[in-house]
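[1] for reference, the sequence and a predicted model appear below.
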4 protein chains.
Amino acid sequence: MIKIGIIGMGRMGKIHLKNLSENIDNVEVVAVVNPSEEGQKFALQYGAKNVSNNINSIIENQEIDAVVICSPNNTHSEYTIKCANAGKAIFCEKPIDMSLEKSIETISIISELKTPLMIGFNQRFDKNFSKVKDEINKGKIGFIRNLHIISRDPQPPPISYIKKSGGLFKDMTIHDFDMARFIMGCEVEEVFAYGNCLIDPEIGKAQDIDSATVLLKFENGALATIENSREAKYGYDQRLEVLGSNGMIKVDNPLKTGVKISTEKGTVSDRNLNFFMDRYEASYLVEMSSFINALINNKPMPVTGEDGLKAMLIAEAANSSLAQNHPIKLIT
Amino acid sequence: MIKIGIIGMGRMGKIHLKNLSENIDNVEVVAVVNPSEEGQKFALQYGAKNVSNNINSIIENQEIDAVVICSPNNTHSEYTIKCANAGKAIFCEKPIDMSLEKSIETISIISELKTPLMIGFNQRFDKNFSKVKDEINKGKIGFIRNLHIISRDPQPPPISYIKKSGGLFKDMTIHDFDMARFIMGCEVEEVFAYGNCLIDPEIGKAQDIDSATVLLKFENGALATIENSREAKYGYDQRLEVLGSNGMIKVDNPLKTGVKISTEKGTVSDRNLNFFMDRYEASYLVEMSSFINALINNKPMPVTGEDGLKAMLIAEAANSSLAQNHPIKLIT
Amino acid sequence: MIKIGIIGMGRMGKIHLKNLSENIDNVEVVAVVNPSEEGQKFALQYGAKNVSNNINSIIENQEIDAVVICSPNNTHSEYTIKCANAGKAIFCEKPIDMSLEKSIETISIISELKTPLMIGFNQRFDKNFSKVKDEINKGKIGFIRNLHIISRDPQPPPISYIKKSGGLFKDMTIHDFDMARFIMGCEVEEVFAYGNCLIDPEIGKAQDIDSATVLLKFENGALATIENSREAKYGYDQRLEVLGSNGMIKVDNPLKTGVKISTEKGTVSDRNLNFFMDRYEASYLVEMSSFINALINNKPMPVTGEDGLKAMLIAEAANSSLAQNHPIKLIT
Amino acid sequence: MIKIGIIGMGRMGKIHLKNLSENIDNVEVVAVVNPSEEGQKFALQYGAKNVSNNINSIIENQEIDAVVICSPNNTHSEYTIKCANAGKAIFCEKPIDMSLEKSIETISIISELKTPLMIGFNQRFDKNFSKVKDEINKGKIGFIRNLHIISRDPQPPPISYIKKSGGLFKDMTIHDFDMARFIMGCEVEEVFAYGNCLIDPEIGKAQDIDSATVLLKFENGALATIENSREAKYGYDQRLEVLGSNGMIKVDNPLKTGVKISTEKGTVSDRNLNFFMDRYEASYLVEMSSFINALINNKPMPVTGEDGLKAMLIAEAANSSLAQNHPIKLIT
């Protein structure tokens, strides 16, 4: 029986708590830390035994084997180090930190302590994308030559969010950078990024972009393209396709329903699922189960601190490329 | 707060208990009755307060507002009448009874007592089929002329099940008969059924059929066709399409994933969802929520005892038609 | 070099002439017979050497090896017999005759004379349907248990056409009856037909129906359902699906274009091809090539007079079934 | 009646001749020039009156209104100038010339002479792509933000062809450059190209690439990505999708047939059409009709010499970008 503490009872904390207490075996949530009463109430309702607003109630609780960190981004690094020093395994939502330096520092501490650390790149656990990876591993389409990722939000977040987001590449594309590495099974060598502000001028005023296309050149010569947009009127759009020497694998968007209506105007299919909470709902459970599974079986973490760091390095390179209008080689 | 008792902790009982205790608000499961220890344990684990193997612990518990009946088919009628006499609202899995006479009798008692009774035709609450109904109601395709239902199981049940099933029409097609009435919003006037044993001769020896096509003529002149098979090697197949004066509405099968693999041999899409537990999983929650909602708001039940009875009458007519090789008029 | 005469330069005659003179090798159209000047002009323009309004210019021309008969339906039988007596091979548009008796008589004469005769069931030569047949022959889906044909016209023909059409079953369903025999590779044993007038009351006044569902029971126990409608607002609809012991084969409608437009309302695909002249355009060339090929290589005709007759017998049985509201056994 | 001369009876010349003599009204092919006897025979068979191996038989024939140039690439420029000087309208296959300088020179002569000149970018006349353009023009998806073109050949051409091809960007991507300008209705400002040799090392030895991804930045800030590959094992792949402020338009590949086979392994759809001769067959007729139509109605040419030149300029920029690993601004 793995004993878990959860730091943070926001949107992600709630999802992880529900999954841990209702849907995953051999695990118990013994403590939750959250400043607000609303979050604490939720935690009690979903079976957390011990609820407080003091981080030490988790750090110092020797019964706790592993901590799930879903507090605000700017606390990830601090809590990760504290938990690691207390000898706990860690599941931490991305990013490790908004700054690259601090991320590197954190990962190096973790590495020295040999703390089992998993970063929350949940999209790897989406049944569609993980099947793509499986089929590639089975050799279904041979050597991978090209990857194309389309990732578009249904509508831009509030400007207040944009301002604290760290910019499109660190906030949104970071998932696609990780996905590209995951699918290709190879490291990025060079990045070229085009981007601009075509949707909302307020985003431009906040020094951010809302539309981008990023090219990634991999060490084996393969190419990947990522297309991002903060707005897609037809709904959340998360697709990819991979070209290999023997064929192609493609993932289409799941739709709200399978209903098709044919009239004089043609045939209308339903809309895409609303946003990531719908589209990736099931992935959070698989993700957390994989974490628990790795702990129980003493296996390597399925997504490591290194993975978190590398996505961050690509995002930094993309920012440089955009600023300099020039491809940027990754320092490795 | 609606207080619930559940009779039966088999496959369906467990689904309803989980949904009632984890996913539906303003409701509490206060008692569960089940003969086996395994089922009782499960009930306790999922929050039932009071667990026993005695039906009276529910019937006589005056705190209980509504009873969910998911015990074996041959007990439905008896328990329904007992609960109704005890003044409780009832959700009962289909069928009311295997015999038409007993079904009619039961429904007439319920009717006299004005007991709120809902029959578990969960497929009406599938997001695909309920959307079809909504679009028809909005007039999207005008007057309905024709309906086509395809309903095929992935593989036949064991012969032991077949022998107690009441025959294909009462066991399997009954869902399609209800769906046809639901979609058409009109009553069946005449039934013609063709059927035979093409899959497993053992099914024939058990005096049952494994393949059937049933024609329904509706009072307004519209036609419906139902195609059933006990086996579909490509997976559970649940589709329908409706032709109206202004167009067509169609429901395709949801697939396991949205992954498509293209090679020299063409493009392969994934398989259908395995069976009804996957395909209709979400519908059970919507179904039970609708029951609770109707109770709380004192609204008519979304699927009534009459609905249960009418599907049964069509099944009887289909059996007669098959035996006589002749269309059969429904007695109304 | 096969020398051809064509009787009739209407819509079908023109298609066959164009295909014979532009797209098929080893064949020459030496004579065309047509009463109107317009048709004669067209024939000259497309390379017919000899044009007249006298049937004997073909019958008596000893140079001519084969005659393509596309004159009005009520002349088919007469011209077929004349051509056969003159020793010519014959391609004749369906039907052989509107009356069953005359059809039987004609086929028996042809049979005695051992005249090579092909009936114009062009849909067998559609690339989609012929691929279905090929895959079945290869055993891709095992033993065939069920066939479903959907055949809907975009809009009803003029009432004047309806009145001379011979009724829905002989005019429209006849193609589906042939398709059912072709796909199943087995003979029909029994027919049950439901039909009524749901689209245009004028069709009812003309003693015809505009909507029908026909069940066919085959000698091997397999079932087929045909759904017909004289109107489909979303466009010409020609689909089928076959269920076998190892899987299913399905044909969807080709669309006008592969363009899909996604907006807030969902994703719109294009309409079906307009009508049979678009949908089956390519099939007429394959059909005529098959005829010529059989002649050159002295092979059996790919669609025989027997085939024409059997589709007619099923249509008669469907009419009887509709009149008597009873399944009808085919006399064989 | 427009009188036409055709220079060159290779693959494209034959297509244009067949379309002009069989499928386009108000036009007559009076002369064909071709060195080989095989081509001359073909020309006679398809109705060309006058056949020779001397270019002057067309240039000096005052009866001829327009010339269709489909001779080898290195003759396009010379023949175009000769025809223009002789006062003839010109349809010329792409490219105007392999060298940019000669192309500019030729277009400037044409421009001075005000010769009606159409360049053979047939893909604009594909029913799918022209529908995309129509829908964009109607404002269906608002302001265009992003375009994605996928263009992959089924297999690489022979090395001998590669060596004379002018390189991937001028030989293959040139069509996509034109398509991007056509769809966007706006000029390219900057080009960034990644490319390498992943398919056949022989192509690399010939100093060419076989895989490429090209980014185009348009003057209005919109982006386009082109993905090219000389090999796609699943078949010829020609797709595009356009993201606009109100939605997305997408073109999928037409398939060989609409047959789908479902078995235990999932559902298999048919392969893409083989190659450009199948996929774009219909576009050549629309293209040539548009040329003739513009001539008859004295309308501007639907694809101009300028269009040919601009695609060439983008190809040159792509080559520079690839050589310098740097984005290249277009000189305008």
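    Here it is on my side, so go on.
[2] grab the nearest non-local neighbour of the residue of the stretch 51-200 of chain A found nearest chain C.
    Chain C sits closest to A:P154 of the stretch 51-200 of chain A, with a gap of 9.7 Å, by CB to the nearest CB. (Each C-beta comes from the backbone N, C-alpha and C, glycine too.) Distances taken as CB to CB, 6 or more residues apart in numbering or on different chains put A:Y236 closest to A:P154, at 5.0 Å, once the chain neighbours are dropped.
[3] kindly report the same for A:N293.
    A:K299 (7.2 Å).
[4] what's the distance between the one you found and chain B?
    Look at A:K299 and chain B: by CB to the nearest CB, to the nearest Å, they are 24 Å apart.
[5] quick check: that residue touching A:S290?
    No: contact criterion CB atoms under 8 Å: A:K299 and A:S290 do not qualify, at 9.4 Å.
[6] in terms of neighbours, single out the busier of the two.
    A:S290 (19 against 11; other CB atoms under 10 Å in any protein chain shown).
[7] show the average pLDDT along the helix or strand hosting the more buried one.
    Applying DSSP states H and E as the criterion places A:S290 in helix A:281-296. Helix A:281-296 carries an average pLDDT of 97.
[8] packing partners for that helix?
    Helices and strands touching helix A:281-296, by 3 or more CB pairs under 8 Å, 6 or more residues apart in numbering or on different chains; DSSP states H and E, are strand A:2-7, helix A:11-18, strand A:66-69, strand A:89-92, strand A:117-119, helix A:127-137.
[9] need these in a markdown table (columns: mean neighbour count, distance to chain B and mean pLDDT).
    Below are the helices and strands packed on helix A:281-296 laid out as a markdown table (neighbours: other CB atoms under 10 Å in any protein chain shown; distance: least, CB to the nearest CB, whole Å; pLDDT from 0 to 100):
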| stretch | mean neighbour count | distance to chain B | mean pLDDT |
| --- | --- | --- | --- |
| strand A:2-7 | 25 | 18 | 97 |
| helix A:11-18 | 20 | 8 | 95 |
| strand A:66-69 | 25 | 20 | 98 |
| strand A:89-92 | 25 | 23 | 98 |
| strand A:117-119 | 26 | 23 | 98 |
| helix A:127-137 | 18 | 5 | 98 |
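[10] got CSV for the ones you listed, with distance to chain D too?
    CSV is the format used below for the helices and strands packed on helix A:281-296 (distance: least, CB to the nearest CB, whole Å):
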stretch, distance to chain D
strand A:2-7, 37
helix A:11-18, 28
strand A:66-69, 36
strand A:89-92, 33
strand A:117-119, 28
helix A:127-137, 11
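[11] how many neighbours does A:G185 have?
    A:G185 has 13 neighbouring residues, counting by other CB under 10 Å.
[12] roughly how far apart are it and A:I149?
    As for A:G185, its distance to A:I149 is 15 Å (criterion: CB to CB, to the nearest Å).
[13] on that earlier part again, would you mind giving the helices and strands packed on helix A:281-296 as TSV with distance to B:H326 added?
    Output for the helices and strands packed on helix A:281-296, formatted as TSV (distance: least, CB to CB, whole Å):
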stretch	distance to B:H326
strand A:2-7	66
helix A:11-18	56
strand A:66-69	66
strand A:89-92	67
strand A:117-119	67
helix A:127-137	49
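[14] those: which one's closest to D:Y194?
    helix A:127-137 (21.3 Å; CB to CB).
[15] C-terminal to that closest one, what's the next element?
    Next along from helix A:127-137, by DSSP H and E: strand A:144-152.
[16] tell me the mean pLDDT over that next one?
    98.
[17] which residues of the stretch 151-300 of chain A lie near chain B?
    Applying CB under 8 Å from any CB of the partner chain, we find that the stretch 151-300 of chain A lies next to chain B at A:246-254, A:256-264, A:270.
[18] whichever of the residues you listed end up buried, select them in PyMOL.
    Burial among those is assessed by 16 or more other CB atoms under 10 Å in any protein chain shown; the matching PyMOL selection reads:
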select buried, chain A and resi 246+247+248+249+250+251+252+253+254+256+257+258+259+260+261+262+263+270
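[19] for the stretch 101-250 of chain A, which residue gets nearest to chain C?
    Nearest residue of the stretch 101-250 of chain A to chain C: A:Y234, at 3.7 Å (CB to the nearest CB).
[20] any idea how far D:G47 is from the residue nearest to that residue when sequence neighbours are not counted?
    In space, and not counting its chain neighbours, A:Y234 is closest to C:S262: 3.7 Å by CB to CB, 6+ apart. Going from C:S262 to D:G47 by CB to CB gives 46 Å.
[21] how about A:S108?
    A:S108 is 80 Å from D:G47, by CB to CB.
[22] which one of the two has more residues nearby?
    D:G47 (15 against 12).
[23] just confirm the more buried one contacts D:V27, I think it does.
    No: D:G47 lies out of contact with D:V27 (CB under 8 Å); the separation is 11.0 Å.
[24] so what sits against both of those two?
    Contact with both D:G47 and D:V27 is made by no residue, according to CB atoms under 8 Å, 6 or more residues apart in numbering or on different chains.
[25] low-confidence ranges, chain A, go.
    Scanning chain A with the threshold set as pLDDT under 70 gives A:332.
[26] tell me the domain ranges of it?
    Domain assignment for chain A by automatic domain parsing gives A:2-115, A:124-280+A:306-329.
[27] how far does the longest one sit from its chain's centre?
    Between the mean C-alpha point of domain A:124-280+A:306-329 and the mean C-alpha point of its chain there is a distance of 12 Å (CA atoms, centre = their mean, to the nearest Å).
[28] quote the end-to-end distance of that domain.
    With CA to CA, to the nearest Å as the measure, domain A:124-280+A:306-329 spans 25 Å from end to end.
[29] phi first, then psi, for A:R271.
    phi -80, psi 160 (degrees, to the nearest 10).
[30] for the stretch 201-332 of chain A, which segments count as strands?
    A:211-218, A:223-229, A:237-244, A:247-251, A:259-263, A:266-269, A:328-329 (DSSP state E, counting those that start in this stretch).
[31] which residues does A:I104 contact?
    So A:I104 contacts A:L309 (CB under 8 Å, 6+ apart).
[32] just the element for it, please.
    For A:I104, the host element (DSSP H and E) is helix A:100-113.
[33] report the buried residues of the biggest helix by length in chain A.
    Longest helix in chain A, counting residues (DSSP state H): helix A:305-324. Buried residues in helix A:305-324, counted by 16+ other CB under 10 Å: A:305, A:307-319, A:321-322.
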